[in-house]
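> For reference, the sequence and a predicted model appear below.
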Amino acid sequence: MIFSPVERMLAWRYLRARRREGFIAITTWFAIIGIALGVATLILVTSLMNGIREEMTSRFIGIDGHVTIYSPYRAFNPYEPVVDQLSSMAGVKSITPHIEGQVMASANGRALGAQVTAIPYEALSKRDLFANGIQEGSLSALENNEGIVLGARLAENLGLSVGDTVSLISPQGRSTIAGFIPRMKTYPIVATIKLGMHAIDGGLIIMPFEEAQVYFMLNTADGGAVSNLEVMVDHVDQASAVADKIRTTLPAGARVYDWQQSNASVFAALKVQRNVMVIILALIILVAAFNIISSLVMLVKDKSHDVAILRTMGSSRASVMKIFMLAGSLIGVVGTFGGVILGLILAANLEAIQRGVEAIIGQKILVEDIYFLSSLPTKTDPVEVVIIILLSLMLSFMATIYPARRAASLDPVEALRYE
């Protein structure tokens, strides 16, 4: 749509309200601010949801493998033939034997359930999430089978620190003449670890690999067995395809899960929350677009005398429509790009804003005991920002159609009858 210089001049002049048109100026500013806030909030929320998803994905993958394989039986015994079979498969980067088990951790008169995890030290030390998460002590003590590592929250709840001991009780015990006796053993604590996820930090125990085989009675005459195998792939996005290949390779009964399937409930909840928030915030922009309609309707009514004069001077209906459509579109453009700038600034400084608000109110906004994460990570997707801009501009443009048509349909005779 091409606008003539006269149309651009009149549209801009109509938006610059004089003193007697102050109310029209106020409604125009309300429309601009409404669109700006809607766009900024939509950018901020999508960036926040993207950041949370990426943060949780990196932590889940950092703890477990991209693909996890479970034996049709209690454990893989022996597991080396399966590792050799799958190592040459396209897309497979590495395969790590893994032992896991449920225990009761007891100390200082307290007892809590916990999840024991154990992989060979060579693989454990290469996982940045574990290596960078150590709070006290040293992860290298696991290499010498000197003790175990406790999640920071678990150690805190049990009143323990590095150098203390904790008793682990496993339901995988033995039957005796006196009845079933759970397996129990005491270990020194060589380190505490914080991974940043309350549910995991409150129930994680890392045990030396060989000791875990002994504790969970996975040592057999054929050698050491493992609970499952963790597969790392070349690219995270290939995990599902590699998992499908592995299913066709292994015997029936083997269970194979990629990282998305293992955490399906968490990511499904995130997806639903994200979609709902996007819809709700898009409606905010729609409501702001209605402000453009009301502002232009009042502008048309106020400028009916001017429109009648333009028509009598030879201006066409299309030209009048374009004047008011351009005026409304300018409101949408200013509001949209103002909102984009505000949204990008908020998304880039959200954690600083969070800390500032916490300092003002004197308490944490995200309490680790309640929320999954203790910080607000953000990741702004340029494609999503462009989509939000186009959505806002489209709604703003559509909002100008009715007022512009109403202006074009004014009868000059009726408008000037009492002049």
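Received, thanks. These figures come from a predicted structure and were not determined experimentally. Residues are numbered from 1 along each chain as shown.

> quick one: low-confidence parts of the chain?
Residue ranges of the chain with pLDDT under 70: 1, 3, 12, 14-25, 173-180, 220-223, 303, 365-374, 411-419.

> Just the strands from it, written as ranges.
Applying DSSP state E to the chain gives strands spanning 67-70, 92-107, 110-118, 134-137, 148-151, 165-176, 179-193, 204-206, 219-220, 223-224, 228-233, 255-258.

> Could you say which one of the ones you listed comes nearest to residue 350?
With distances scored as Cβ to Cβ, the stretch of the strands of the chain nearest to residue 350 is strand 134-137 (25.3 Å). To be clear about C-beta, it is placed using only N, CA and C from the backbone, and glycine gets the same treatment.

> Return the list of strands paired to the closest one, each annotated with direction.
strand 179-193 (antiparallel) (DSSP bridges).

> and the strands of the chain as TSV, adding mean neighbour count and distance to residue 126?
Converted to TSV, the strands of the chain look like this (neighbours: other Cβ atoms under 10 Å; distance: least, Cβ to Cβ, whole Å):
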stretch	mean neighbour count	distance to residue 126
strand 67-70	23	17
strand 92-107	20	9
strand 110-118	18	15
strand 134-137	16	14
strand 148-151	28	16
strand 165-176	14	26
strand 179-193	16	15
strand 204-206	24	14
strand 219-220	13	25
strand 223-224	16	21
strand 228-233	22	10
strand 255-258	18	21
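
> could you point out the longest helix in this protein?
helix 22-63 (DSSP state H).

> Tell me which other helices or strands it touches.
helix 128-131, helix 259-262, helix 264-302, helix 317-348, helix 350-361, helix 382-399 (3 or more Cβ pairs under 8 Å, 6 or more residues apart in numbering; DSSP states H and E).

> Can you say which of those helices is packed in most?
helix 317-348 (a mean of 21; mean count of other Cβ atoms under 10 Å).

> so how far is that one from its chain's centroid?
29 Å (Cα atoms, centre = their mean, to the nearest Å).

> ok, now stretch 200-220?
Relative to its chain's centre, stretch 200-220 lies at 31 Å (Cα atoms, centre = their mean).

> Same question for it: list its buried residues.
Across stretch 200-220, burial judged by 16 or more other Cβ atoms under 10 Å covers 200-209, 211-213, 215-216, 218.

> Same question for stretch 68-88.
Neighbour-count burial for stretch 68-88 flags 68-71, 75-77, 79, 82-83, 86 (criterion: 16+ other Cβ under 10 Å).

> Would you format these as a markdown table with distance to residue 247 included?
Below are the buried residues of stretch 68-88 laid out as a markdown table (distance: Cβ to Cβ, whole Å):
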| residue | distance to residue 247 |
| --- | --- |
| 68 | 12 |
| 69 | 9 |
| 70 | 12 |
| 71 | 14 |
| 75 | 19 |
| 76 | 16 |
| 77 | 21 |
| 79 | 17 |
| 82 | 13 |
| 83 | 17 |
| 86 | 11 |
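
> Among those residues, which one lies nearest to residue 272?
Nearest to residue 272 out of these is residue 68 (Cβ to Cβ; 24.6 Å).

> Relative to residue 150, which of the buried residues of stretch 68-88 is nearest.
Closest to residue 150, out of all of the buried residues of stretch 68-88 and judged by Cβ to Cβ, is residue 68, at 23.3 Å.

> Identify the bridge partners of the closest one.
Under the criterion used (DSSP bridges), residue 68 bridges to residue 230, residue 257.

> For residue 236, see how far away it is.
14 Å (Cβ to Cβ, to the nearest Å).

> How about residue 72?
Counting by Cβ to Cβ, the gap from residue 72 to residue 236 is 27 Å.

> domains of this protein?
5-58+266-416, 73-250 (automatic domain parsing).

> Let's have the ones you listed in JSON lines, adding distance to residue 258.
Formatted as JSON lines, the domains of the chain follow (distance: least, Cβ to Cβ, whole Å):
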{"stretch": "domain 5-58+266-416", "distance to residue 258": "11"}
{"stretch": "domain 73-250", "distance to residue 258": "4"}
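
> Of all those, which one is nearest residue 259?
domain 73-250 (5.7 Å).

> Go through the helices and strands packed on helix 22-63 and name the closest to residue 171.
Of the helices and strands packed on helix 22-63, nearest to residue 171 by Cβ to Cβ is helix 259-262, at 23.0 Å.

> counting contacts, what elements does the closest one pack onto?
In terms of contacts (3+ Cβ pairs under 8 Å, 6+ apart), helix 259-262 is packed against helix 22-63, helix 239-249.

> quick check: angle from the first one to helix 382-399?
Going by axes from the mean of the first three to the mean of the last three Cα atoms, to 10 degrees, helix 22-63 is angled at 150 degrees with respect to helix 382-399.

> now the angle between strand 228-233 and helix 22-63, please.
120 degrees.

> likewise the shortest one?
When the same axes, to 10 degrees is applied, the directions of helix 239-249 and strand 228-233 differ by 130 degrees.

> Convert the C-alpha atoms of helix 239-249 to PDB, please.
The C-alpha trace of helix 239-249 is given here as PDB (Å, rounded to 0.1, in the frame of the first residue of the first chain):
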ATOM      1  CA  ALA A 239      18.700 -39.400  20.500                       C
ATOM      2  CA  SER A 240      15.300 -40.500  19.500                       C
ATOM      3  CA  ALA A 241      16.500 -42.000  16.100                       C
ATOM      4  CA  VAL A 242      19.500 -43.800  17.800                       C
ATOM      5  CA  ALA A 243      17.100 -45.200  20.400                       C
ATOM      6  CA  ASP A 244      14.900 -46.600  17.600                       C
ATOM      7  CA  LYS A 245      17.900 -48.300  16.000                       C
ATOM      8  CA  ILE A 246      19.000 -49.800  19.400                       C
ATOM      9  CA  ARG A 247      15.500 -51.300  19.900                       C
ATOM     10  CA  THR A 248      15.700 -53.200  16.700                       C
ATOM     11  CA  THR A 249      19.200 -54.400  17.500                       C
END
